[in-house]
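# Show me the folded form of this:
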Amino acid sequence: MRARAIGPTKLSRAGIVLGAFTAGAIPFSNIAARRQAGVDLRSVGTGTVSGTSLYAVAGFKTLAIAGVCDVAKGAVGPLLAGRDQPVVAAIAGGAAVAGHNWSPFLRGAGGRGISPALGALAVTAWPGSVLLLAGLATGRLVKQTGLAMFAAEGALVPLLARRRGRYGALAGAAVVLPMVVKRAAGNHRLDRADWRGRVERVLFDRDPQC
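Just a heads-up that it's a prediction; the model follows:
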């Protein structure tokens, strides 16, 4: 019996998703923090490898450079997929966010996925990037970033379904899923692990300090 050959199209799709995950896993913020301040962001604050933590230890200039890289890496997979493969592009965007959130280069640690989600959605469904940016700006303004981003993430799929149809909804769902899962999982065990503590973690994205 002849073995079935794997077609080049299937290989290329798998390669795109794997490449997107690998690009997303590159921890630019942590690399920048180590180079500029000699600090591992996993040991700062709540242990989230994020722009907020990077700014606290290395300032705005370093944040701006690393931030651009973190956004750009989210666009790698969708750009490789191209417009003629919207499903692959959407999955690749989600893979980049998952790589960022659970980076193998950081032994499974990572961020919350906002930056690579911005990059991915800029390619697959740009209104989603606008919504996430609006949520981020509003959260900074009212000093409730976690809650504002929860609202933005919750509105993402309905917005993109209305504006871009099923492919837009898929692009939104692909990036939201790993973002919500990371919020729920957090970085550390909760001090209060009852249902109220878990709900507060998801709504406000709160983690115990390192």
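
# Burial check on residue 92, number of neighbours?
Around residue 92 there are 32 other residues, counting by other Cβ atoms under 10 Å. Using the backbone N, CA and C atoms, a C-beta is placed for each residue, glycine as well.

# same question, residue 83
Residues lying near residue 83 (other Cβ under 10 Å) number 10.

# From residue 123, how far out is the closest residue to it other than its chain neighbours?
Nearest non-adjacent residue to residue 83, counting by Cβ to Cβ, 6 or more residues apart in numbering: residue 89, 7.7 Å away. Distance, residue 89 to residue 123, by Cβ to Cβ, to the nearest Å: 7 Å.

# Of those two, which one has the most company?
Between residue 89 and residue 123, counted using other Cβ under 10 Å, the more crowded position is residue 89 (28 against 23).

# residues contacting the more buried one?
Taking Cβ atoms under 8 Å, 6 or more residues apart in numbering, we find residue 89 in contact with 77, 78, 81, 82, 83, 123, 124, 171.

# Could you rerun that using 10 Å?
16-17, 20, 75, 77-83, 120, 123-125, 167, 170-171, 174 (Cβ atoms under 10 Å, 6 or more residues apart in numbering).

# Pull the distance from the helix-or-strand element of the chain with minimal mean pLDDT to the chain's centre.
Across the helices and strands of the chain, the lowest-confidence element by mean pLDDT, DSSP states H and E is helix 195-204, at a mean of 82. Distance of helix 195-204 from the chain centroid (Cα atoms, centre = their mean, to the nearest Å) equals 20 Å.

# What are the buried residues along that helix?
For helix 195-204, a neighbour-count test (16 or more other Cβ atoms under 10 Å) marks residue 201 as buried.

# Give the other helices and strands that it contacts.
helix 145-185 (3 or more Cβ pairs under 10 Å, 6 or more residues apart in numbering; DSSP states H and E).

# And what about residue 46, helix, strand or coil?
Secondary structure assignment for residue 46 (DSSP: H, G, I helix; E, B strand; the rest coil): coil.

# Name the spans of this structure whose pLDDT lies under the cut-off.
1-11, 210 (pLDDT under 70).

# Helices along that one, start to end?
Ranges of helices within the chain are 8-25, 28-37, 51-81, 86-101, 114-124, 126-142, 145-185, 195-204, based on DSSP state H.
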